[in-house]
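> got a structure for you, letters missing:
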């Protein structure tokens, strides 16, 4: 029997997942997230699907992207100590996600292992983000 190997982790702790469109590569990324981060990935993915059932998914640059017909509205990335959610038009969300970016419109929300995830706030940000114009890369 040939055993399927786990994806390699980048030095940041982020899984190296090939470019792909649809749910399958995103689920492969989530499954490859190390330790407790995989549970966060599943929760974030479920919240996005619950709030915006028509979501389009892809993995580009080892990053799961969530979007709609006019572009992407959020993404997820693993670091060694946290999972980072990026909202492409985050500066327009209320309340504004707490972490600034070098890019004026982008805002981040970092989730650490011991954090209590405010799923209602996350769902509200996803709802707001999905209502804004998407971002194309």
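Right, received. Where do you want to start? Keep in mind that what you see is a predicted model, and the values were worked out from it rather than measured. Numbering: from 1, shown residues only.
> Which stretches in the chain count as strands?
With strands called from DSSP state E, the chain shows them at 20-21, 56-60, 63-68, 71-78, 82-87, 99-100, 107-112.
> For the longest helix seen in the chain, which helices and strands make contact with it?
For the chain, the helix that runs over the most residues, judged by DSSP state H, is helix 37-51. If contacts are counted by 3 or more Cβ pairs under 8 Å, 6 or more residues apart in numbering; DSSP states H and E, helix 37-51 sits against helix 23-32, strand 63-68, strand 71-78, strand 82-87, helix 119-131. For glycine as for every other residue, the C-beta is placed from the backbone atoms N, C-alpha and C.
> where does the protein dip in pLDDT?
Within the chain, the stretches with pLDDT under 70 are 1-5.
> rewinding a little: which one of the strands of the chain lies closest to residue 129?
strand 71-78 (4.1 Å; Cβ to Cβ).
> any idea how far the residue nearest the centre of the chain lies from residue 110?
Central residue of the chain (Cα atoms, centre = their mean): residue 76, 2.3 Å from the mean position. As judged by Cβ to Cβ, to the nearest Å, residue 76 and residue 110 stand 11 Å apart.
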